[in-house]
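*Asks:* My questions are about this predicted structure, shown below with the sequence.
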Amino acid sequence: MIPLVIDTNVFVAALRSGGGASRQVLRRCLEGGYRPLFSNALWREYEDLLTRPVWTDQTTPEERHQVLAALAAVGQWVKIYYGWRPNLQDEGDNHLIELAVAGGARVIVTHNLRDVPGGELRWSDLLVLTPSRCLEQIK
């Protein structure tokens, strides 16, 4: 399985639409193609999103909780012992880089290509891709 970090905007997009690349990324995780990595910070964001009014009628609250539980079952919890600060424009995104580095992820999947790859610190082996680019490049 290919380890990756799924940004919350991809999680939301996957469950708000009836299909699309974001949903396919989650499917590949659940089918064993990708292994999602989790940290305390990312998991709290996922849980917080479940209570926000951002959802469509494509999924019910129960289905969203079931998907999150299923992701937890196939994913890997990563303890972050060293706090990298890549100094991204949005301080709230730095934890994604920390998680990816600590967990040995090959890719961060996000719709936020403006902020996430723009830090001062760079890792040459770490890709930041949209869901569609992830599906094309990471098999």
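*Replies:* All right, it came through fine. Only a predicted model underlies this, so the values are computations on that prediction, with no experimental measurement involved.
*Asks:* Mind jotting down where the helices sit in the protein?
*Replies:* Counting by DSSP state H, the chain has helices at residues 8-16, 21-30, 40-50, 61-74, 94-103, 131-137.
*Asks:* I'd like those laid out as JSON lines, including mean pLDDT.
*Replies:* Shown next, in JSON lines, are the helices of the chain (pLDDT from 0 to 100):
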{"stretch": "helix 8-16", "mean pLDDT": "93"}
{"stretch": "helix 21-30", "mean pLDDT": "96"}
{"stretch": "helix 40-50", "mean pLDDT": "94"}
{"stretch": "helix 61-74", "mean pLDDT": "94"}
{"stretch": "helix 94-103", "mean pLDDT": "89"}
{"stretch": "helix 131-137", "mean pLDDT": "97"}
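*Asks:* give the contact list for residue 61.
*Replies:* By Cβ atoms under 8 Å, 6 or more residues apart in numbering, residue 61 lies in contact with 50, 55. Any C-beta I mention is one placed from the backbone N, CA and C, and that applies to glycine too.
*Asks:* Show me the one of the helices of the chain that comes nearest residue 113.
*Replies:* Closest of these to residue 113 is helix 131-137, at 9.2 Å (criterion: Cβ to Cβ).
*Asks:* got the buried residues for the closest one?
*Replies:* Neighbour-count burial for helix 131-137, counted by 16 or more other Cβ atoms under 10 Å, picks out 131, 134, 135.
*Asks:* Would you reformat the helices of the chain as CSV and include distance to residue 109?
*Replies:* Formatted as CSV, the helices of the chain follow (distance: least, Cβ to Cβ, whole Å):
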stretch, distance to residue 109
helix 8-16, 5
helix 21-30, 6
helix 40-50, 12
helix 61-74, 13
helix 94-103, 10
helix 131-137, 5
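*Asks:* Quick one: closest of these to residue 114.
*Replies:* With Cβ to Cβ as the measure, helix 8-16 is the member of these nearest residue 114 (11.7 Å).
*Asks:* any idea how far residue 14 is from the residue located most distally from the centre of the chain?
*Replies:* Largest separation from the mean C-alpha position in the chain: residue 57, at 22.0 Å (Cα atoms, centre = their mean). The gap separating residue 57 from residue 14 is 15 Å, by Cβ to Cβ, to the nearest Å.
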